[in-house]
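Participant: Just to be clear, the model below is a prediction. Sequence and coordinates:
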Amino acid sequence: MNVKLRHDAIVRSLRRNGTSTVDTLASEVGASRRTILRDISALRDEGYVIHSDVGRGGGLQLDPQSVQTNARLSVPEVFALLISVAAMRTAGNLPFSELADAGLAKIEKALPPDKVRDLRAFLDCLYIGQLSPLQDLSNMGKMDPDLLPAFETAFLGRHFIRFDYRDAKGRTTRREVEPQAMLILPPLWYLVGWDAMRADFRHFRMDRIRLPEAVPDTSFRRRHVPFEDDVCPYNELQG
């Protein structure tokens, strides 16, 4: 577990349990006591008020008034929340959509203007549709957690994105494309890229992408992605 995930887990645990101990937190996140103590110090430096009980048990307690979650959300994190809500709404299984929209609006208002511009640019490249009933989901895997940050860097900087891709037959190749859009056909997500070698758009299932990275010193122009006629061209979604 990286530092950020560990810090988030510690804050969630303290909020959920009210009071915890260093040993308990260490067990929950799989870290040593020394690491947890460093994490607590770092969280205090970030503005979290964490009280320590020096008595028996070494209890820790988080002041809930010091929690400012929205200020710590990055553009990819907010983007992930927005597209998750949008995908759930499209699938028809979001019973509290109005509450979700209100909460996301508050989060967006808390972002600085430059981040809001980045977020809107991100959303402009998002398309959501319905998955073909012919699509085979038996080999669906997990998405690489580095993919969304890599896409953000490449898309906003207009850099090519490079990654290993495993096709439907299990063959893995190294690909390099222009990240032009994202297509979500719940539960599958696709990176829509312009492949200069093939002079055409290609759809890459995100659960088949590994080792994604933005390619520095490259650039591309925005292209019109022809989704309006058929958002789910099944024959073209085989990677």
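Facilitator: That came through fine.
Participant: Tell me how the protein divides into domains.
Facilitator: As assigned by automatic domain parsing, the chain contains the domains 3-67, 71-124, 147-236.
Participant: remind me which residues of this structure are low pLDDT?
Facilitator: Across the chain, the ranges flagged by pLDDT under 70 are 1, 54-58, 66-73, 88-97, 110, 228-239.
Participant: Can you check which strand is longest in it?
Facilitator: strand 172-185 (DSSP state E).
Participant: Between strand 172-185 and the helix or strand following that one, find me the angle.
Facilitator: Counting by DSSP states H and E, the element after strand 172-185 in chain order, helix or strand, is strand 188-195. Computed by axes from the mean of the first three to the mean of the last three Cα atoms, to 10 degrees, the angle separating strand 188-195 from strand 172-185 equals 120 degrees.
Participant: How far does strand 188-195 sit from its chain's centre?
Facilitator: Centre-to-centre, strand 188-195 and its host chain are 16 Å apart (Cα atoms, centre = their mean, to the nearest Å).
Participant: Tell me the buried residues in that strand?
Facilitator: Across strand 188-195, burial judged by 16 or more other Cβ atoms under 10 Å covers Leu188, Trp189, Tyr190, Leu191, Val192, Gly193, Trp194. Any C-beta I mention is one placed from the backbone N, CA and C, and that applies to glycine too.
Participant: Return the residues in contact with the residue nearest to the fifth one when sequence neighbours are not counted.
Facilitator: Nearest in space to Val192, with sequence neighbours left out and distances taken as Cβ to Cβ, 6 or more residues apart in numbering, is Ala181 at 4.0 Å. Going by Cβ atoms under 8 Å, 6 or more residues apart in numbering, Ala181 touches Cys125, Leu126, Tyr127, Val192, Val225, Phe227.
Participant: Please produce a ChimeraX select command covering the buried subset of these.
Facilitator: Those of the contacts of Ala181 that count as buried under 16+ other Cβ under 10 Å are selected in ChimeraX with:
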select :125,127,192,225,227
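Participant: Tell me the one of the contacts of Ala181 nearest Asp23?
Facilitator: Leu126 (43.8 Å; Cβ to Cβ).
Participant: How about the closest one: what's its closest non-neighbour residue?
Facilitator: Met182 (5.3 Å).
Participant: what about the helices in the protein?
Facilitator: 3-17, 22-29, 33-45, 75-91, 97-110, 113-124, 147-157 (DSSP state H).
Participant: The third one - contacts with which helices or strands?
Facilitator: When contacts are defined as 3 or more Cβ pairs under 8 Å, 6 or more residues apart in numbering; DSSP states H and E, helix 33-45 packs onto helix 3-17, helix 22-29, strand 50-52.
Participant: Okay, buried residues for that helix please.
Facilitator: Thr35, Ile36, Asp39, Ile40, Leu43.
Participant: Switch those residues over to CSV; also include distance to Ala168.
Facilitator: Shown next, in CSV, are these (distance: Cβ to Cβ, whole Å):
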residue, distance to Ala168
Thr35, 42
Ile36, 44
Asp39, 43
Ile40, 47
Leu43, 45
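Participant: nearest to Ala26, of these?
Facilitator: Using Cβ to Cβ, the buried residues of helix 33-45 come closest to Ala26 at Ile36, 4.9 Å.
Participant: Quick check, the closest one in contact with Thr24.
Facilitator: No. In this structure Ile36 lies outside contact range of Thr24 using Cβ atoms under 8 Å: 9.4 Å.
Participant: follow-up on the earlier one: which among the domains of the chain is found nearest to Gln135?
Facilitator: Using Cβ to Cβ, the domains of the chain put domain 147-236 closest to Gln135, at 7.0 Å.
Participant: and the closest one, how far out from the chain's middle?
Facilitator: On Cα atoms, centre = their mean, the centre of domain 147-236 falls 16 Å from that of its chain.
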